[in-house]
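Asker: sequence-free structure coming up:
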């Protein structure tokens, strides 16, 4: 949680504000009347400053107060109709209105009536009357208001769940549902969403809303756990939850697109949906979840099926009194090893089942014996490779990178290492892990970091044609033993190279030297680069001259054919080495991310890209991301195999890895907690509806502390004769993830225009298949969406607007970076990347951003990503998991600015444009905002959360804000309403048999979800 000094400053008892025993403020005596908010946008009626203040509260009560930021009693605030007035659409839609009707929905008024009203004349404090307005004094915005009423859930699963949000529920399923169905978006999913109204208007307020689909389950999972066997539909990916492993793996590790699978290929074809699995094998756990057990079966290794090599799991059955176990994949009866034998009870269950985690849990790890080793496992070797060329020194990137490494290894300088008084230091890296440091420009510089030296020794390697490692000892050291030497070197590096300034870095020879240093053990390289590598072997040149954009040859810019870079990527994977790149283009210059990033994508690494790096603004983000890279769970020398039940076969893999031949294992130099892989399946027979379908992924890797392990993830799905039942159990996030990864994989092969057309066709195929086969008796003029795919079309539109696939001009580096990022994103990160969270902070309830009575953080509802929802004078946090913007309207209240940023910051021009974090102030709003940012930082992927200002009319980041309003017409694509109109028109043509296809466009590929799509007829 954030610093709560601001919260304490309001007269609350000091101590942990998460403490559930803390007394709540008194009930309110007066609350000003507030006009009801418009439908579809649940605006808080309370102005922000209504804090549970008490007499003598410092900061507010002892000085004159203004009526606040927002509104007067009875002031009517209404939304702009926005895109409701889309001329001519009613006739096109044939009497269609989209989405679920909201009863009693109020209609909006004109835009000029919607703004944040500011009355900045000072008013006298009403503290003497305990906050009650006297006489003719207008009601003050600072009146006492009590907290919200306690929630309807009385029990709490775990105190560790206290970091969860408490979003107000706006989640209203079409049909009555049980609480569990409610959380799973349940009810009768086959009914879908009847999307018609009698008026025949396309109402943007009533079309499916992504924020609403997240807020409802988020509220439910505050107080409930997700049982992995009792519930068959996972929570939305962007919602934090605690999973209870009952033998089926948590959705954090594995998500199936269909949790009920049709028995035949023809039945699946009727849905047009992909059958696939999204795996994130090392995914981080939520607080309150049990750690993954690590099991050691000694030299014998874990029991496995002799035929298909499936590892022992909860779905294997035991026969013959416990002497045989039957494989759940291939049904082969195996002899139970004598050391693993246990008798069975009369029902056929082993008597020791409850004491065996591998028989009760869906995700477990096995320590494996020597036959699984490729080389002697050791603690992970980290090699930090620093660019010290002129651009890195001049722009402060070297300085920021050195500070980031120190922060990652030893924590912030002002924070002493915890646990010193007990003699047990808290290590950032696990025991056995070691680090080394190399710098480079035109030459390579190695450093001896031995603990017995007073300072590091530098060895220069001028021969970059055939570099070698000049150190036998002292290159890799324990970071705690050599702390003094390492800290001294990192502090001196920026000044050491301040006067050298070679403008051209030689990156490929440096990577070859780093690989030779790690070839005997394996490990991970963390490398910085701030200018195009134009020196030595593997030199790069400016390939993107702007003339190829929009042409068929543009796709050549999305990959590399340079033999030196192709060779080193393969060598790194063979040696169990991976690389993370931190790329900064301070002037927005070209770095050839397609070539450099090829190495990280093939080895399982990642790219952190700063296209317009500015040291004041971005150094905090850089430091946090280096720390995240070093501290997240990481393995190396990894192999992965996915097995499935008889009747199914693996047809394709998508992600960042090396795959030599079809059927071979996936190979990773490194694998970490943020990486995911998509696996597609096809039928090689027919499934038996009486049996379940089973899937097991096995990741063989060496852990950071030097143990060779296998992480097994087991997933089960029911089987039905037809596809009708399967439509009730679609995981929308898994479908989106697999389609996105497949589209990104096609970029080097197909033109972007063809990929966009294929995504359009796939969307129409899925929704038309549902409309034709499963939607029941709805009038033909209606657009009916599957209950569990209501937001699917919005997510596909977001994908079309993403930097990877959007039309128009986009720098090649950014396009390639985003495409490779999509290929490795987990479900949570991709969901946020496609549709951002937007929170208005100018109209928060006084209890928002603070813990409720159960210790859970209250989060306000998110708003839809459309400018029609943006209010004049408003302030908004916009977070897409990659960047977090604070957008401030030109007419924002000076009071709000002072409470957020401090006294004297009363206008937008007073703010520092390079602000990256909120100051710690003793104001209610400041504490609310910092707490909410702290929460947002816990629910995202690998990118750090730092703030970037987007002041209306002042900052360039405002263009990014406009780009993130994905429901509007932008990014060379339609608005959400127009997109639904287009989709509906195509579905009607499909139903009438008049949907035209152009022959000749075929993706090719094996059983691919995008394989047989044709160009659409627009």
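Answerer: The structure has been received and is ready for your questions. Everything quoted here is computed from the prediction, not taken from an experiment.
Asker: residues contacting the residue nearest to residue 382 when sequence neighbours are not counted?
Answerer: Distance criterion CB to CB, 6 or more residues apart in numbering; nearest residue to residue 382, sequence neighbours excluded, is residue 435 at 4.5 Å. (C-beta placed from N, C-alpha, C; glycine too.) Counting by CB atoms under 8 Å, 6 or more residues apart in numbering, residue 435 makes contact with 381-384, 409, 429, 449, 476-477, 479, 486.
Asker: Out of these, the closest to residue 333 would be?
Answerer: Closest approach to residue 333 among the contacts of residue 435 (CB to CB): residue 381, at 44.2 Å.
Asker: returning to what we had before: report the lowest-confidence entry in the contacts of residue 435.
Answerer: Taking these together, the minimum pLDDT is found at residue 429 (87).
Asker: how many other residues sit next to that residue?
Answerer: Neighbourhood size, residue 429 [other CB atoms under 10 Å]: 20.
Asker: With residue 747 instead?
Answerer: 24.
Asker: same thing with residue 840?
Answerer: The criterion is other CB under 10 Å. On that basis, residue 840 has 24 neighbouring residues.
Asker: hey, where'd the helices end up in the stretch 201-350 of the chain?
Answerer: Here the stretch 201-350 of the chain has its helices, by DSSP state H, counting those that start in this stretch, at 210-223, 265-271.
Asker: my read: residue 958 touches residue 952, true?
Answerer: Yes: here residue 958 lies in contact with residue 952, judged by CB atoms under 8 Å, at a distance of 6.2 Å.
Asker: list the residues that contact both of these two?
Answerer: Common neighbours of residue 958 and residue 952 are listed as residue 887 (criterion: CB under 8 Å, 6+ apart).
Asker: follow-up on the earlier one: same list (the helices of the stretch 201-350 of the chain) but as a markdown table, adding distance to residue 807.
Answerer: Output for the helices of the stretch 201-350 of the chain, formatted as a markdown table (distance: least, CB to CB, whole Å):
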| stretch | distance to residue 807 |
| --- | --- |
| helix 210-223 | 22 |
| helix 265-271 | 29 |
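Asker: of all these, which lies closest to residue 909?
Answerer: Distance to residue 909, taken as CB to CB, is lowest for helix 210-223 among the helices of the stretch 201-350 of the chain, at 32.0 Å.
Asker: Mind listing the strands the strand or helix carrying residue 878 pairs with, and their directions?
Answerer: Per DSSP states H and E, residue 878 falls inside strand 875-879. Its sheet considered, strand 875-879 pairs with strand 837-840 (antiparallel), strand 884-888 (antiparallel) by DSSP bridges.
Asker: so after the last one, what's the next helix or strand?
Answerer: The reference is to strand 884-888. Strand 884-888 is succeeded, C-terminally, by helix 894-901 (DSSP H and E).
Asker: Going by neighbour count, list what's buried in that next one.
Answerer: 894-901 (16 or more other CB atoms under 10 Å).
Asker: And that helix, what does it pack against?
Answerer: Here helix 894-901 touches helix 924-936, going by 3 or more CB pairs under 8 Å, 6 or more residues apart in numbering; DSSP states H and E.
Asker: Rounded mean pLDDT for the helix it packs on, please.
Answerer: Helix 924-936 comes out with an average pLDDT of 94.
Asker: what is the orientation angle of that helix with strand 875-879?
Answerer: Helix 924-936 and strand 875-879 meet at an angle of 10 degrees, taking axes from the mean of the first three to the mean of the last three CA atoms, to 10 degrees as the criterion.
Asker: just checking, next helix/strand downstream of helix 924-936?
Answerer: Per DSSP H and E, the helix or strand that comes after helix 924-936 is strand 947-951.
Asker: name the helices or strands packed onto the helix or strand following that next one?
Answerer: Downstream of strand 947-951, the first helix or strand assigned by DSSP H and E is helix 957-964. In terms of contacts (3+ CB pairs under 8 Å, 6+ apart), helix 957-964 is packed against strand 884-888, strand 947-951.
Asker: Pick the most deeply packed of those strands.
Answerer: Of those, the one with the most neighbours on average (mean count of other CB atoms under 10 Å) is strand 884-888, at a mean of 24.
Asker: Show me what it is in contact with.
Answerer: Residues contacting strand 884-888 (CB under 8 Å, 6+ apart): 870, 875-879, 897, 908, 933, 936, 945-952, 957-958, 960-961, 964.
Asker: Pull out the buried members of those residues.
Answerer: Here, 16+ other CB under 10 Å leaves 870, 875-879, 897, 908, 933, 936, 945-952, 957-958, 960-961, 964 buried among the contacts of strand 884-888.
Asker: so where's the longest helix in the chain?
Answerer: For the chain, the longest helix by residue count, based on DSSP state H, is helix 752-773.
Asker: If you count neighbours, what's buried in that one?
Answerer: Buried-residue list, helix 752-773, by 16+ other CB under 10 Å: 752, 754-771.
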